[in-house]
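1. I'd like to go over a predicted model; first the sequence, then the structure.
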Amino acid sequence: MQNKAAGIDRLFDEGGDLSEDLDFTRARRPNLKPRRVNVDFPEWMVKSLDARAAYFGITRLALIKIWAAERLE
């Protein structure tokens with residue numbers, strides 16, 4: 001088993017495709033279960049968010065998620 005692990009490590013380090021060695025049916029993403037949160041923003045802020053989201057070509061919700069994740073890192 002150690003030999004296979006070393007081969008996978010080497011393949012990863014070289015930027016190779018690991019998908020053949022992974023079992024995606026058993027993959028989990030802990031602590032990523034979505035939870036709904038309601039936030040009220042003043043109208044000026046919503047307009048500003050919409051303008052910035054349009055500039056980037058994304059939705060207002062996507063922009064809020066990106067900015068929140070950046071601040072929490």
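-> Nice, I can see it. Every value quoted in this text rests on a predicted model; they were computed, and no experiment measured them. Numbering: from 1, shown residues only.
2. low-confidence ranges in the chain?
-> Residues of the chain that meet the criterion pLDDT under 70 lie in 1-2.
3. helices of the chain, start to end?
-> Using DSSP state H, the helices of the chain run over 2-13, 43-56, 60-72.
4. quick one: contacts of the first one?
-> Defining contact as CB atoms under 8 Å, 6 or more residues apart in numbering, one finds that helix 2-13 is touched by 17-18, 21. C-beta here means a position set from N, CA and C on the backbone, and glycine is covered the same way.
5. what's the distance between Ser48 and Trp67?
-> Here the criterion is CB to CB, to the nearest Å. By it, Ser48 lies 12 Å from Trp67.
6. for Asn3, same thing?
-> Relative to Trp67, and taking CB to CB, Asn3 is found at 45 Å.
7. between those two, which one's more packed in?
-> Neighbour count, other CB atoms under 10 Å: between Asn3 and Trp67, Trp67 has more, with 12 against 7.
8. what comes up buried for stretch 56-73?
-> Buried residues in stretch 56-73, defined by neighbour count with 16 or more other CB atoms under 10 Å: Leu63.
9. can you list contacts of it?
-> Contacts of stretch 56-73 with the rest of the structure, by CB under 8 Å, 6+ apart, involve 46, 49-50, 52-53.
10. got the contact list for Val39?
-> By CB under 8 Å, 6+ apart, the contact set of Val39 is empty.
11. and Ile66, how far from Ala6?
-> In this view, Ile66 and Ala6 are 37 Å apart by CB to CB.
12. again, but for Glu43
-> In terms of CB to CB, Glu43 sits 59 Å off from Ala6.
13. of these two, who's got more company?
-> Taking other CB under 10 Å, Glu43 and Ala6 do not tie; Ala6 has more neighbours (10 against 7).
14. check the gap between that one and Ala54 for me.
-> In terms of CB to CB, Ala6 sits 49 Å off from Ala54.
15. great, nothing more from me.
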